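> Kindly return the folded structure for what I paste below:
(2 chains)
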Amino acid sequence: MTQSLVSRVTLLAQEESAPSLGQNLTDLAGSATAIFGAMTIMLAIGMWLMLPRGTDRGRRTGMILALIGLGLLGSRLPGLATVLEESVFAVLAIVTVAACAATVSTRNPLYSAVWFGMALLGTAGLFLVQGAQFLGVATVVVYAGAILVTFLFALMLAQPGGHAYYDRISWEASFSAATGAVMVGMLAVTIGNAAETLPVEDSPQAAIAADETLRNGVLSDQHVARLGGQLFSRHLVTVEVAAALLLAALVGAMAIVTQGTRHEPPDKSTGTSPGPDAPLPAAENPANRRSHTGDGGKERARHG
Amino acid sequence: MVESELALLHNYLLVGAVIFSIGLVGFLARRNMIVMFLSAEMMLQGVSLSLVAWSRFHNDWGGQVLVIMIIVVAACEAAIALALVLMLFRRAGKLDVAVWQELREANQAAYVDHEVPEEVEPDTQKWPRLTPAGVEPDVDEEEMLHRPHV
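Numbers count the residues shown, from 1 in each chain, chains lettered A, B, ... in the order given. Below is the predicted model of the structure:
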């Protein structure tokens, strides 16, 4: 879209017999380096402003900057086959990316979990646009449970009264944001260059032939049956490995949760056990820890 | 290669890259362990999008099978990560990862937390605004000086 606009501007400029001006305009606006550079800087600053920094100032500015950066990135995207396909893709992509940014930048972990659920719905929609029906449904079904559990955890472990201090600050927010933005910029340039080198044949016959191939392949009518057939024939070992992995994770999670509860002797004199159930608010304080583990009598005396 | 298929691949790879990078930023920057876990899952989502795009581009089921594998790994990760988060929360009483910096290498300097300004709750209560009434009394400056401050 931008390119057509630029070429039209160039044409107009050439008609007015000012080719140097038009050439300069094309060079400036059309050069991918300038656009990707500006995008990277805007994304970095926008992400940095959106991350928790101990203050809420500049969050809205950050959102606007990040949106402009994403718009610059979107202006370089090649158009899809039909307008409908393109608009569906655009809506889903914008929803997904915005929900992801909100997950990372919101202060409340509860809202983070909810925004991540939104991002997953967007991803599932993107899967469906690609024709991966099973994956779209599986993402929603599997992750809905995971998100619900995460939500419960956040609810359970939430700090009463406002946001916890560690939700209001970040580790080196500026460096992190710059890392992410540079990564987006580099990947965008690399993907764009790679796509330009591939040969393109744009004839109706080729399109029909490609469509036919896809209909016999991944866009088949019997999508789930074909995917299952592939999964249990060519990728049978993968299924076995996945089963082993799930079992190991189950056992591991139980081992982690039950670890530590075994070695705590019950405190008979008070009837309460100073086990891991009791919150130890200052466990990192060595003095406090000594009184908790070593000097049980003193502790009990203070309790009684 | 048909142009629209190439464009589809290009767009999906870019969206996947953006989602992966946002997850990376979240994992690097945030200190809440639950949010870090969500960011890691987000990176997996970005990779899944790229894999599905490649699967369609090459007309091969391998990419989609790999995404099923990613979902399995993500489920395992959720189980173990949440168990770990629960254990760490029980020990420290907070979800801050900085509590566990004792586990750093011996030659690394300790991270010193800078002071976080207290959160100010915005006063959303609607208070009635009273109009001043009556006569303002004369101010005796002598008396003002000797008046005991209560």
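
> thought B:Met69 was touching A:Ala242?
Yes. Contact between B:Met69 and A:Ala242 holds when scored by CB atoms under 8 Å: they sit 6.1 Å apart. C-beta: built from backbone N, CA, C; applies to glycine.

> tell me the contacts of the closest residue to chain B within the stretch 201-304 of chain A?
With CB to the nearest CB as the measure, A:Ala249 is the residue of the stretch 201-304 of chain A nearest to chain B, at 3.4 Å. By CB atoms under 8 Å, 6 or more residues apart in numbering or on different chains, the contact list for A:Ala249 reads B:Ala75, B:Cys76, B:Glu77, B:Ala79, B:Ile80.

> in the chain, which segments are predicted with low confidence?
Going with chain A. For chain A, residues meeting the criterion pLDDT under 70 lie at A:1-30, A:159-162, A:260-304.

> nope, chain B
B:1, B:115, B:117, B:119-122, B:146-150.

> all strands for it, in order.
With DSSP state E, there are no strands along chain B.

> Contacts only, for the spatially most central residue of chain A.
Nearest residue to the geometric centre of chain A (CA atoms, centre = their mean): A:Cys100, 4.9 Å. Residues counted as contacts of A:Cys100 (CB under 8 Å, 6+ apart) are A:Trp115, A:Phe116, A:Ala119, B:Val18, B:Ile19, B:Ile22, B:Gly23, B:Met42.

> number of nearby residues for the first one?
Spelled out, that is A:Trp115. Using other CB atoms under 10 Å in any protein chain shown, A:Trp115 has 21 neighbouring residues.

> likewise the last one?
As a burial measure, B:Met42 scores 26 neighbours (other CB under 10 Å).

> is it true that it touches B:Gly23?
Yes. Proximity of B:Met42 to B:Gly23 meets the contact threshold set by CB under 8 Å, at 3.4 Å.

> Please verify my assumption that A:Gly79 contacts A:Phe89.
No. A:Gly79 is beyond contact range of A:Phe89, at 10.2 Å (criterion: CB under 8 Å).

> between the two, who's got more neighbours?
Shown here are A:Gly79 and A:Phe89; by other CB under 10 Å, A:Phe89 has more neighbours (21 against 14).

> Now the more buried one: which helix or strand?
helix A:83-105 (DSSP states H and E).

> Any chance you could list what contacts stretch A:225-232?
For stretch A:225-232, the external contacting residues (CB under 8 Å, 6+ apart) are A:Phe134, A:Ser220, A:Thr238, A:Val239, B:Trp61, B:Gly62, B:Gln64, B:Val65, B:Ile68.

> filter those to the buried ones?
Using 16 or more other CB atoms under 10 Å in any protein chain shown as the burial test, the contacts of stretch A:225-232 include A:Phe134, A:Thr238, B:Trp61, B:Gln64, B:Val65, B:Ile68 as buried.

> Out of these, which sit inside helices?
For these, the ones inside helices are A:Phe134, A:Thr238, B:Gln64, B:Val65, B:Ile68, with DSSP state H as the criterion.

> Next up, the contacts around A:Val95.
A:Val95 sits in contact with A:Met118, A:Leu121, A:Gly122, A:Gly125, where contact means CB under 8 Å, 6+ apart.

> Just name the closest of the residues you listed to chain B, please.
A:Gly122 (9.3 Å).

> Near the residue lying closest to that closest one once chain neighbours are set aside, how many other residues are there?
Spatial nearest neighbour of A:Gly122, chain neighbours left out: A:Thr96 (3.1 Å); criterion: CB to CB, 6 or more residues apart in numbering or on different chains. Using other CB under 10 Å, A:Thr96 is surrounded by 26 other residues.

> and if you look at A:Met39?
23.

> Next, count neighbours for residue 47.
Looking at chain A here, since you left the chain open. A count of nearby residues for A:Met47, using other CB under 10 Å, gives 30.

> ah, I was thinking of chain B
Neighbours of B:Val47 (other CB under 10 Å): 17.

> Now do it against chain A, distance only.
For B:Val47, the distance to chain A equals 11 Å [CB to the nearest CB, to the nearest Å].

> Would you check that that residue makes contact with B:Ile70?
Yes. The criterion here is CB under 8 Å, and B:Val47 meets it with B:Ile70 at 6.7 Å.

> any idea how far the spatially closest residue to B:Ile22 that is not a sequence neighbour is from B:Ser39?
Distance criterion CB to CB, 6+ apart; nearest residue to B:Ile22, sequence neighbours excluded, is A:Cys100 at 4.5 Å. Using CB to CB, to the nearest Å, A:Cys100 is found at 9 Å from B:Ser39.

> secondary structure element for A:Gly46?
helix A:32-50.

> Quick check: buried residues in that helix?
Quick answer for helix A:32-50 (16+ other CB under 10 Å): A:35-36, A:39-50.

> ok, and which of those residues reach chain B?
Taking CB under 8 Å from any CB of the partner chain, the overlap between these and the neighbourhood of chain B is A:Met47.

> any idea which of the buried residues of helix A:32-50 is closest to A:Ala178?
Nearest to A:Ala178 among the buried residues of helix A:32-50 is A:Ala44, at 4.6 Å by CB to CB.

> who are the neighbours in contact with the closest one?
Taking CB under 8 Å, 6+ apart, we find A:Ala44 in contact with A:Ala177, A:Ala178, A:Gly180, A:Ala181, A:Val182.

> For the residue lying closest to it once chain neighbours are set aside, which residues are in contact?
Closest residue to A:Ala44 apart from its sequence neighbours, by CB to CB, 6+ apart: A:Ala181 at 3.6 Å. When contacts are counted by CB under 8 Å, 6+ apart, A:Ala181 touches A:Thr40, A:Ile41, A:Leu43, A:Ala44, A:Met47, A:Gly69, B:Ser21.

> Output stretch A:229-236 in CSV with nothing but the alpha carbons.
In CSV, the C-alpha atoms belonging to stretch A:229-236 read as follows (Å, rounded to 0.1, in the frame of the first residue of the first chain):
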residue,chain,number,x,y,z
GLY,A,229,-3.0,-40.4,10.6
GLN,A,230,0.3,-38.5,10.3
LEU,A,231,0.7,-38.3,14.1
PHE,A,232,0.3,-42.1,14.6
SER,A,233,2.3,-43.2,11.6
ARG,A,234,5.2,-41.0,10.7
HIS,A,235,5.4,-39.4,14.1
LEU,A,236,4.6,-42.4,16.4
